[in-house]
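here is a sequence together with a model predicted from it:
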Amino acid sequence: MRLAILSDIHANLEALEAALRQVDREGVDRIVCLGDVVGYGASPDECCSLVRERSGFCLLGNHDAAVTGAMDEAYYYDSARAALRWTREHISEGNYQWLYGLPYSHHDGDIGFFHSAPIMPSGFFYVVQTSEAQTHTQVFDRLKSLNFIGHAHMTTVFSIGPKKVRAVEAKYVAAREDAKFIINVGSVGQPRDRDPRACFAIWDSGEDHMEHVRVEYDIETAAAKILAAGLDEKFAKRLYMGV
């Protein structure tokens, strides 16, 4: 099975549509979303509707949780809180209820899907540094062989052993007794690894192969919508830089 794994769309319709066009060209069998469909961007309702239509399942991201009140918005800085409040006023009741009902995680055999750190999905912890991945040795026996995550907007991959962790460049991530993997799939709508292109992952279970896919999209239109909505201009500027 070829699985497209999208995350952190952040109400960027132009990036989502471009990513989905590429997904269709890749001939995947299924699409899933790891959350943060909304936040920062100016097309939250359209993105929710499109993810609902195209994905097999979607998880609850921290911005999704904050919009619905499942997470305290005090966690966010002023302009991000303003975007959350704006989002509440610009999504349909149906999409609001859909966001409210999203789960923190999903398991499919020996594969786990999470928005953030698998060790505590509801805590929305990052896994960017090796030290953050290291905490998962505490739950090594409970981890799935492959654990796909979003949240960090990065593309790092960690090999988790019973005692040690290391960052790897692995694309072939076959299940092993002595190592499990945490895979950051990147961000569709707001990459932060200095590559502004929309990013998602494809997992081929038949080949034990994972790749990050990058897609050009209409950044100018996405940025202009943010400015027209009266959201903080830095949410528009960062799209051009991938930070």
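It's in. Note that the structure is a prediction, hence the values are computed from the model and not measured. Numbers count the residues shown, from 1 in each chain.

and the lowest-mean-pLDDT helix or strand in the chain, how far from the chain's centre?
Lowest mean confidence among the helices and strands of the chain (mean pLDDT, DSSP states H and E): strand 165-168, at a mean of 92. When distances are taken as C-alpha atoms, centre = their mean, to the nearest Å, strand 165-168 is centred 20 Å away from the chain's centroid.

what of stretch 64-78?
For stretch 64-78 - counting by C-alpha atoms, centre = their mean - the centre lies 17 Å from the chain centre.

and the strands in the protein?
Secondary structure of the chain (DSSP state E): strands at 2-6, 30-33, 105-108, 111-114, 146-149, 157-160, 165-168, 180-184, 198-204, 209-215.

packing partners for whichever helix in the chain runs longest?
The longest helix of the chain (DSSP state H) is helix 13-26. Counting contacts by 3 or more C-beta pairs under 8 Å, 6 or more residues apart in numbering; DSSP states H and E, helix 13-26 is packed against strand 2-6, helix 44-54, strand 198-204, strand 209-215, helix 219-228. For the C-beta atoms, the positions are set from N, CA and C on the backbone; glycine is no exception.

need those in CSV with mean pLDDT, can you?
Shown next, in CSV, are those (pLDDT from 0 to 100):
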stretch, mean pLDDT
strand 2-6, 97
helix 44-54, 98
strand 198-204, 96
strand 209-215, 94
helix 219-228, 98
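
got the contact list for S122?
S122 makes contact with Y104, according to C-beta atoms under 8 Å, 6 or more residues apart in numbering.

would JSON lines of the helices and strands packed on helix 13-26 with mean neighbour count and distance to I31 be doable?
Formatted as JSON lines, the helices and strands packed on helix 13-26 follow (neighbours: other C-beta atoms under 10 Å; distance: least, C-beta to C-beta, whole Å):
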{"stretch": "strand 2-6", "mean neighbour count": "24", "distance to I31": "5"}
{"stretch": "helix 44-54", "mean neighbour count": "20", "distance to I31": "5"}
{"stretch": "strand 198-204", "mean neighbour count": "24", "distance to I31": "9"}
{"stretch": "strand 209-215", "mean neighbour count": "17", "distance to I31": "12"}
{"stretch": "helix 219-228", "mean neighbour count": "17", "distance to I31": "20"}
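
for the least confident helix or strand of the chain, packing partners?
helix 130-134, strand 157-160.

just the buried residues of that strand, please?
For strand 165-168, the neighbour count (16 or more other C-beta atoms under 10 Å) marks V165 as buried.
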